[in-house]
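Colleague: Just a sequence and a predicted model for now, questions to come.
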Amino acid sequence: MAAKGSKKKNSGRRIPGPTNPMVTPMLTDQYQFTMAYAYWKAGKHLERAVFDLYFRKNPFGGEYTIFAGLEECVRFVANYKLSKEDIDYVKNNLSVSCEEGFLDYLRGIDCSEVEVYAIPEGSVVFPKVPLLRVEGPIAVVQLLETPFVNLINFASLVATNAARHRFVAGKSKTLLEFGLRRAQGPDGGIGASKYSYIGGFDATSNVAAGMLFGIPLCGTHSHAFVSSFMSLDEIKDKSLLRKDGSSTCKDFVSLVQSWLKKFERSNSLRGNFAETNQSELAAFTSYAWAFPDNFLALVDTYDVMRSGIPNFCAVALALSDLGYKAIGIRLDSGDLAYLSCEVRKLFCSIEKEFGLPGFGKMSITASNDLNEETLDALNKQGHEIDAYGIGTYLVTCYAQAALGVVFKLVEINNKPRIKISEAVSKVTIPCKKRIYRLYGKEGYALVDIMTRESEPPPKVGERILCRHPFEESKRAYVVPQKIEELLSCYCAGSSDKKEETLPPLKEIRERCIKQLEQMRSDHMRRLNPTPYKVSVSAKLYDFIHFLWLDEAPVGELL
Ligand SMILES: Nc1ncnc2c1ncn2[C@@H]1O[C@H](COP(=O)(O)OP(=O)(O)OP(=O)(O)O)[C@@H](O)[C@H]1O
Ligand SMILES: O=P(O)(O)OC[C@H]1O[C@H](OP(=O)(O)OP(=O)(O)O)[C@H](O)[C@@H]1O
Ligand SMILES: O=C(O)c1cccnc1
Ligand SMILES: [Mg+2]
């Protein structure tokens, strides 16, 4: 998908349009247009509104979330314009027939009056804290609600899912995203690849995502390649140049076969390596011939230990004779813990018996319906897997379908607003706010605190009262050793604020990995993690409860 045309921002930056050309002003709910019309009719459409975008609960039973999708929101805002076709459609399809004046208004709107403040993409974030604060004319900002929530919901969900898989797999393992074929449509696939990378995956098999975002590509081969071969006779050109270019091996196939023979006679390997599938051998030989420097074979088409592994080893040793180093194998079925250990033992025996340094350390990749639970089970059993290829469970976010991001009005014309609900978790936190992350003595983040915009910022070394926004008895003093203000300006609108530049994807990924490493381990554990504290200042607490009482009708008992 090509990015749409780019638009010049007030800071002189050129920001390309959203990655997905389907992301246009029409990618919104009808009610945003009908409300815009009603605001316009009431003469309210230019009133200055402030909305917060946040989620209420961390996904996957965890206590942290990775914020992703910001860049696409900024690209959307920077290029917001309704086309003639868009206006015609609105004219003919809105639930009421609207006046021409409203259509003129729609024709003129862009986001030049919209300010967007956000937490940097790739940050670790928590419930109730605004990830985005959007300010602007109410009719325009409402039109942005649905696309913003859409762009952030799945992005943050899948980035978090990826981060959770990384946490269980451990830092040293290679994580490969293999999900495109199982993703929720093309955009689901592209998004999953991009945001899994942010969450800590190393590479993707998705070629379009590699091309669009510069994510490293990865891949092995499929069972079809193996079963497409019938015999070694299919290999017509048998010659292979030595890696150093010094000479050509005239018959690579015979070299491979001679190694298989040696295995049969070998003391330590005999019994394992008696009779292998010759069509599989042909497939591996042919693949190695095409990729002598990158030979990685899928070994479970016929029988891992009796055929796939001996065939792989014969080809790898033949390559080694010619100066090439095979990469390793992929297991795609069976007991992955057991098989990986058996394979490692064999690789090590071959290294020893044939004096081939490094052979024992060849890479073992595992795939096949992997998820957090299977990775955890494999760790508990003990295994020799170096890399995981993960598809379906990662990209579809199988364990949780949506994050539940919301977009709520918190102020209009400088007047704070609140939404009351029977469920306390659904009561909104009013006011235009600032957010700070406070760090303790040991360098860990202790608490996020929201204050009213007009309040003086907290100071390092100065005690501050942090209150639960809704539960009176929950409060704590904190003496921060380090303070980070979380929201910064990404779209300045007509203000003279300095706009943050959009960092490259790699930098977003690095931020995510670094922040996760700095989290206290009890917030990160999979079973019963400790919730991270999200609080408000004493002033904001008092104001929330004043406004709550002010807006809530008093009941009458009969
Ligand atoms: N040691 C293990 N511990 C826990 N789960 C495992 C282990 N090894 C593999 N698994 C998982 O068990 C499931 C096995 O899948 P399944 O029952 O479909 O068999 P299979 O190995 O795919 O066989 P086949 O594809 O040949 O039918 C997969 O989800 C896989 O990730
Ligand atoms: O299992 P996932 O996590 O989704 O990872 C991707 C899977 O896709 C491929 O096979 P495919 O599922 O198409 O066929 P297979 O199950 O018969 O191997 C690959 O071999 C993986 O097993
Ligand atoms: O390259 C692979 O091995 C791969 C890619 C996508 C899905 N399954 C496997
Ligand atoms: Mg499968």
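Modeller: Sure, I can see it. Ligands and ions are numbered 1, 2, ... in the order given.
Colleague: How about the secondary structure of Val484?
Modeller: Residue 484: Glu, not Val. Here Glu484 is recorded as strand under DSSP: H, G, I helix; E, B strand; the rest coil.
Colleague: Tell me how many other residues crowd it.
Modeller: Glu484: 15 surrounding residues under other C-beta atoms under 10 Å. No exception for glycine: its C-beta is placed from N, CA and C like everyone else's.
Colleague: Next, the contact list for whatever residue of the stretch 201-350 of the chain ends up closest to ligand 2, please.
Modeller: Scanning the stretch 201-350 of the chain for proximity to ligand 2 using C-beta to the nearest ligand atom identifies Asp332 as nearest, at 4.4 Å. Contacts for Asp332 (C-beta atoms under 8 Å, 6 or more residues apart in numbering) come out as 223, 298, 300, 366-368.
Colleague: How many residues are close by Gly219?
Modeller: With other C-beta under 10 Å as criterion, Gly219 counts 16.
Colleague: Over to Ile15: give its phi and psi.
Modeller: Backbone torsions for Ile15, taken as degrees, to the nearest 10, come to phi -110, psi 120.
Colleague: Ignore what I typed, I meant Leu516.
Modeller: Taking degrees, to the nearest 10 as the convention, Leu516 sits at phi -70, psi -40.
Colleague: Please list all residues in contact with it.
Modeller: Taking C-beta under 8 Å, 6+ apart, we find Leu516 in contact with 64, 66, 124, 163, 166-167, 200, 524.
Colleague: same check, this time on Ala476
Modeller: Shown in contact with Ala476 (C-beta under 8 Å, 6+ apart): 447, 465-466, 533, 535.
Colleague: Where does it sit: helix, strand or coil?
Modeller: Judged by three-state DSSP, the three-state class of Ala476 is strand.
Colleague: Gly358: neighbour count?
Modeller: Gly358 - counted by other C-beta under 10 Å - has 11 other residues nearby.
Colleague: Look up how far Ser266 lies from it.
Modeller: Distance of Gly358 to Ser266, given as C-beta to C-beta, to the nearest Å: 19 Å.
Colleague: For the stretch 301-450 of the chain, which residues are neighbours of ligand 2?
Modeller: With C-beta under 6 Å from any ligand atom as the criterion, the stretch 301-450 of the chain comes near ligand 2 at residues 332, 367-370, 389-393.
Colleague: ok, 8 Å please
Modeller: 330, 332-333, 367-371, 389-394 (C-beta under 8 Å from any ligand atom).
Colleague: Widest-spaced pair of the residues you listed?
Modeller: Using C-beta to C-beta, those reach their maximum pairwise distance at Ser333 and Leu394, which is 18.6 Å.
Colleague: more neighbours, those two?
Modeller: Just comparing Ser333 and Leu394: by other C-beta under 10 Å the higher neighbour count belongs to Leu394, 30 against 15.
Colleague: Is the residue in the stretch 401-550 of the chain positioned nearest to ligand 2 part of a helix or strand, or is it coil?
Modeller: For the stretch 401-550 of the chain, the residue closest to ligand 2 is Ala401, as judged by C-beta to the nearest ligand atom, at 17.0 Å. The assignment at Ala401 comes out as coil when based on three-state DSSP.
Colleague: what comes into contact with the helix or strand hosting Ala224?
Modeller: In this assignment (DSSP states H and E), Ala224 forms part of helix 223-227. The contact list for helix 223-227 (C-beta under 8 Å, 6+ apart) reads 279-280, 283-284, 287, 298, 301-302, 332.
Colleague: So which bits of it are buried?
Modeller: 225-226 (16 or more other C-beta atoms under 10 Å).
Colleague: what's the answer for stretch 106-124, then?
Modeller: Neighbour-count burial for stretch 106-124 [16+ other C-beta under 10 Å]: 106, 109, 111-124.
Colleague: now the end-to-end length of that stretch.
Modeller: Here the two ends of stretch 106-124 are set 37 Å apart, with distance taken as C-alpha to C-alpha, to the nearest Å.
Colleague: For the residue of the chain found nearest ligand 2, grab phi and psi.
Modeller: Closest contact between the chain and ligand 2, by C-beta to the nearest ligand atom, is at Gly391 (2.8 Å). Dihedral pair for Gly391: phi -120, psi -100, per degrees, to the nearest 10.
Colleague: where does it land on pLDDT?
Modeller: For Gly391, the pLDDT comes out at 98.
Colleague: ditto for Ala2
Modeller: Looking at Ala2, its pLDDT reads 37.
Colleague: Next: the one 3 residues further on.
Modeller: On the pLDDT scale, Gly5 is placed at 45.
Colleague: Asn10 now?
Modeller: The model's pLDDT for Asn10 equals 45.
Colleague: Report the secondary structure state of the closest residue to Lys533 other than its chain neighbours.
Modeller: Nearest residue to Lys533, sequence neighbours excluded (C-beta to C-beta, 6 or more residues apart in numbering): Val447, at 4.2 Å. Assigned by three-state DSSP, the conformation of Val447 is strand.
Colleague: Could you double-check that Val447 lies in contact with Tyr477?
Modeller: No: in this structure, Val447 is not within contact of Tyr477 by C-beta atoms under 8 Å, at 10.6 Å.
Colleague: What segments of the stretch 251-400 of the chain are helices?
Modeller: Counting by DSSP state H, counting those that start in this stretch, the stretch 251-400 of the chain has helices at residues 252-265, 278-290, 309-321, 336-354, 372-381, 392-395.
Colleague: Now tabulate those in JSON lines and tack on distance to Met519.
Modeller: JSON lines is the format used below for these (distance: least, C-beta to C-beta, whole Å):
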{"stretch": "helix 252-265", "distance to Met519": "48"}
{"stretch": "helix 278-290", "distance to Met519": "42"}
{"stretch": "helix 309-321", "distance to Met519": "40"}
{"stretch": "helix 336-354", "distance to Met519": "28"}
{"stretch": "helix 372-381", "distance to Met519": "17"}
{"stretch": "helix 392-395", "distance to Met519": "21"}
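Colleague: Out of the ones you listed, which is closest to Ala192?
Modeller: Ranking these by proximity to Ala192 (C-beta to C-beta) places helix 392-395 first, at 3.6 Å.
Colleague: which other helices and strands contact the closest one?
Modeller: Contacts defined by 3 or more C-beta pairs under 8 Å, 6 or more residues apart in numbering; DSSP states H and E place helix 392-395 against helix 138-169, helix 185-198.
Colleague: returning to what we had before: ok, now which ones touch the residue nearest to Lys533?
Modeller: 437-438, 466, 476, 478, 532-535.
Colleague: Show me which of the residues you listed are buried.
Modeller: So, by 16+ other C-beta under 10 Å, the buried ones in the contacts of Val447 are 437-438, 466, 478, 532-535.
Colleague: Also near ligand 3: which of those residues, exactly?
Modeller: Applying C-beta under 8 Å from any ligand atom to these, none is adjacent to ligand 3.
Colleague: Going by distance to ligand 3, which of those residues wins?
Modeller: Nearest to ligand 3 among the buried ones among the contacts of Val447 is Tyr532, at 35.2 Å by C-beta to the nearest ligand atom.
Colleague: Do I have it right that Ser286 meets Phe229?
Modeller: Yes: judged on C-beta under 8 Å, Ser286 makes contact with Phe229 at a distance of 6.7 Å.
Colleague: Report the residue spans of the stretch 51-200 of the chain with pLDDT below the cut-off.
Modeller: Of all residues in the stretch 51-200 of the chain, none has pLDDT under 70.
Colleague: For Tyr54, give me phi and psi.
Modeller: According to degrees, to the nearest 10, Tyr54 has phi -160, psi 170.
Colleague: where does the protein come near ligand 3, residue by residue?
Modeller: Neighbours of ligand 3 within the chain, by C-beta under 8 Å from any ligand atom: 176, 178-181, 205, 218-222, 298, 330, 332, 365, 367, 389, 391.
Colleague: With that, I have no additional questions.
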